[in-house]
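Asks: Can you look at this prediction? I've put the sequence above it.
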Amino acid sequence: MTDRPTPGLRASVVCLAVAGMLWTSSPNAGVIRDSNADASPGAFLGDCGTPGDPTACVGAWNLDNVDVDVIHVANGGTSGTFDKATGTYSAMSMGDSFVSLIKNDLSEVMAKLTGKVWPVGEPTGIKAVNADTQVNNGKPPNCLINTGFLSAADSGDVNASDLRSAHPQPVICSSPFQSHKRFKIAMQPAAVAGIADGAEGKGIDLVFNVADNGSLTPYQVFSKINNYTGKRLKGYKIVVGRGIGTSFQSAGTLGIADKLHISIGIGEGTAAKGGALDGSNLFEEDGLATFSHGLFGAPDKHFSANGFFDSRTAGFDVAQHCSEGACSTYANPYVGGAPLVNSDTIASTTVLLSNYSGPAAAPLSAPLFGDWLPGSWQPKGIFFDSDGDPTTDPDLVAWWDGAAWRKNHDADFAVVSTAEFNSWAANPRYAIGDIEDVVNLGINYIVKVGDGIGPNFTIRIIPVVADAQVAPSYVGTTPTPLVAIPTSPATPVASSGGGCSSTAGRAPIDPLLPALAALGLIGLGLRRARRP
């Protein structure tokens, strides 16, 4: 079976999916539902269980190939309990977390799915939201989304914020920017075990329960795919179909692509909130598969400054394909729009130009990282906790290049001076941690589900291994720890060494890390770098 691109299909010009005016006409067709969704008066959309009780949303995500572990930060063990049928789980405290282990048909762990730690998130990591009428720009009113909860600031009501409140308010499709909507899929070594460099890896299978209820219904999928395979990757592929492991078959193979297909949102939206369908794109042209905008990106409506490493976006272009033969099409509800395509596959194509993988911009002479890094090669950074809140993310202020701590792109990656380094070392709000977002790829796509496809369907994620596996130069070096560096009048404060050169024989131990771990900052704060 080979993937054949649709003739003439270009991500920048072709309409790929059901548009907003069609979606809103059948919001409950081919639905994915949480079986324990709370429909009582006063319940929030996306509520499950009873307020005050530890009950997660279940029923939408099929857990037959998933084990859910509750992890208590006090001992780091999986000492909690989770009931797949009811969603009830053992009580959690500040910093406790969960992990959902996604397995194949041989019970090998292919990926670990996580969300936010308690009190911002709870198991299992994925829920379904239907009929969210507050979405903007033609996006679907339905989504597969993280099992997170709004902060008091996002909710606007201290009694309806995170899980410590009397009536916690869950995130939904239309929740604010950076309100913990994406679940994280950490792809594991089993997904590339025995795979040659340059080849496609094995499938990571997310299965969802679906009920016949009308015509086609779109779901926006809020997720990240994170590279913890142990190998560099050069991209990914997503295929919709049925089954897991060796029994998986694509929608095209099954002959149900007209009832189950996938979209990257080109030509499906509206330019203005509440406006008529006009063929606008649902996602930015370079926003289909990207690394953190806080690390790579230009100022926009959400960010006021350039990314830490580059003003250019890092990530991949994405194209749409059909696994079997030519894609069939159907009428576009946007008058004059190109026919919509029953495609069962999307895949990354070319790499977006940036300092991540090249070509490098001045003053760099080479790309910072190359092909998509594995988690074992993520660089170290110095982070500043600007608000003292363990449920928010700290700011990245410097990174370790293998020889020195350096500032950001806008500072021309200047070496941190001894004076500034010492001021950070004296402030307990600065800490060293991993810059995890260089391995985390945020992806945007839509799955459309119709009647007659069976009781469930599968979203299969496939990592594609890079052609070469060479470690960055900083791997194996020891970052200068956050301890004041002695200075003397004879040593210029801003010398080329800067006092931030590697300190041989000394481990990068930050005395604050144990305390931060107890607060959940290691799980929360060091995951998504924001610019200073």
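Replies: Yes, it's here. Numbers count the residues shown, from 1 in each chain.
Asks: in this protein, which spans are helices?
Replies: Taking DSSP state H as the criterion, the chain contains helices spanning 20-23, 152-155, 251-254, 418-425, 513-518, 521-524.
Asks: wouldn't residue 159 be in contact with residue 167 here?
Replies: Yes: here residue 159 reaches residue 167: they are 6.0 Å apart, a contact under CB atoms under 8 Å. For glycine as for every other residue, the C-beta is placed from the backbone atoms N, C-alpha and C.
Asks: Between the two, which is the more surrounded one?
Replies: Counted by other CB atoms under 10 Å, residue 159 and residue 167 do not tie: residue 167 has more neighbours, with 15 against 11.
Asks: Centre-most residue in the chain?
Replies: In the chain, the residue lying closest to the centroid (CA atoms, centre = their mean) is residue 224, at 2.1 Å.
Asks: so what's that residue bridging to?
Replies: Beta-bridge pairing of residue 224, defined through DSSP bridges, involves residue 184, residue 442.
Asks: residue contacts, it?
Replies: Shown in contact with residue 224 (CB atoms under 8 Å, 6 or more residues apart in numbering): 182, 183, 184, 185, 440, 441, 442, 443.
Asks: what stretches of the stretch 351-500 of the chain score poorly on pLDDT?
Replies: Applying pLDDT under 70 to the stretch 351-500 of the chain picks out residues 391, 488-500.
Asks: how close does residue 72 get to residue 91?
Replies: Using CB to CB, to the nearest Å, residue 72 is found at 10 Å from residue 91.
Asks: Pretty sure residue 84 sits against residue 68.
Replies: Yes: Residue 84 is within contact range of residue 68, at 6.9 Å (criterion: CB under 8 Å).
Asks: Show the pLDDT at residue 101.
Replies: Listed pLDDT for residue 101 reads 98.
Asks: Report how many residues lie close to the closest residue to it other than its chain neighbours.
Replies: In this structure, residue 101 finds its nearest non-sequential neighbour in residue 67, 4.5 Å apart by CB to CB, 6 or more residues apart in numbering. Look at residue 67: counted by other CB under 10 Å, it has 15 neighbours.
Asks: do the same with residue 302
Replies: Residue 302 has 10 neighbours, counted by other CB under 10 Å.
Asks: same deal with residue 90?
Replies: The tally of other residues near residue 90 (other CB under 10 Å) stands at 13.
Asks: My guess is it contacts residue 54. True?
Replies: Yes: shown here, residue 90 and residue 54 form a contact pair, counting by CB under 8 Å, at 7.0 Å.
Asks: overlap in contacts of the two?
Replies: Listed as contacting both residue 90 and residue 54 by CB under 8 Å, 6+ apart is no residue at all.
Asks: So for residue 84 and residue 68, which sits in the more crowded spot?
Replies: A count of neighbours by other CB under 10 Å puts residue 68 above the other of residue 84 and residue 68, at 23 against 18.
Asks: what sits against residue 442?
Replies: Residue 442 sits next to 182, 223, 224, 289, 290, 291, 292, 315 when contact means CB under 8 Å, 6+ apart.
Asks: Listing request: residues of the stretch 101-250 of the chain with sub-threshold pLDDT.
Replies: Filtered on pLDDT under 70, the stretch 101-250 of the chain yields no residues whatsoever.
Asks: what ranges do the strands span in it?
Replies: For the stretch 101-250 of the chain, strands defined by DSSP state E, counting those that start in this stretch occupy the ranges 109-114, 127-129, 143-145, 183-187, 204-209, 217-227, 233-242, 249-250.
Asks: and the shortest one, which strands flank it?
Replies: In this case it means strand 249-250. Taking DSSP bridges as the criterion, strand 249-250 pairs within the sheet with strand 233-242 (antiparallel).
Asks: now the partner strand: how far from the chain's centre is it?
Replies: In this view, strand 233-242 has its centroid 15 Å away from the chain centroid, taken as CA atoms, centre = their mean, to the nearest Å.
Asks: now stretch 41-57
Replies: That offset, for stretch 41-57, works out to 24 Å (CA atoms, centre = their mean).
Asks: again with stretch 367-383
Replies: Mean C-alpha position of stretch 367-383 versus that of the full chain (CA atoms, centre = their mean) differs by 16 Å.
Asks: what do you get for stretch 140-148?
Replies: Between the centre of stretch 140-148 and the centre of its chain there are 13 Å (CA atoms, centre = their mean).
Asks: Can you give me the buried ones in it?
Replies: By 16 or more other CB atoms under 10 Å, the buried positions in stretch 140-148 come out as 140, 141, 142, 143, 144, 145, 146, 147, 148.
Asks: List just the nearest of those residues to residue 348.
Replies: Closest approach to residue 348 among the buried residues of stretch 140-148 (CB to CB): residue 144, at 20.1 Å.
Asks: and the closest one, what does it touch?
Replies: The contact partners of residue 144, by CB under 8 Å, 6+ apart, come to 32, 60-61, 126-128, 208, 219-223, 447.
Asks: what about stretch 433-443, start to end distance?
Replies: Start to finish, the residues bounding stretch 433-443 are 24 Å apart (CA to CA, to the nearest Å).
Asks: Stretch 233-251 now?
Replies: Span of stretch 233-251 from end to end, CA to CA: 26 Å.
Asks: any idea how far that stretch is from the chain center?
Replies: Centre-to-centre, stretch 233-251 and its host chain are 19 Å apart (CA atoms, centre = their mean).
Asks: and what of stretch 285-296?
Replies: Centre-to-centre, stretch 285-296 and its host chain are 11 Å apart (CA atoms, centre = their mean).
Asks: who wins for neighbours among the contacts of residue 442?
Replies: Busiest of the contacts of residue 442 [other CB under 10 Å] is residue 291, holding 29 neighbours.
Asks: My guess is residue 155 contacts residue 161. True?
Replies: Yes: in this structure, residue 155 is within contact of residue 161 by CB under 8 Å, at 4.5 Å.
Asks: shared neighbours, the two?
Replies: Common neighbours of residue 155 and residue 161, using CB under 8 Å, 6+ apart, are residue 169.
Asks: ok, back up a step: more neighbours: which of residue 72 and residue 91?
Replies: Neighbour totals were compared for residue 72 and residue 91, and residue 72 leads with 18 against 12 (other CB under 10 Å).
Asks: Who are the contact partners of the more buried one?
Replies: Counted by CB under 8 Å, 6+ apart, residue 72 has contacts 79, 80, 92, 93, 96.
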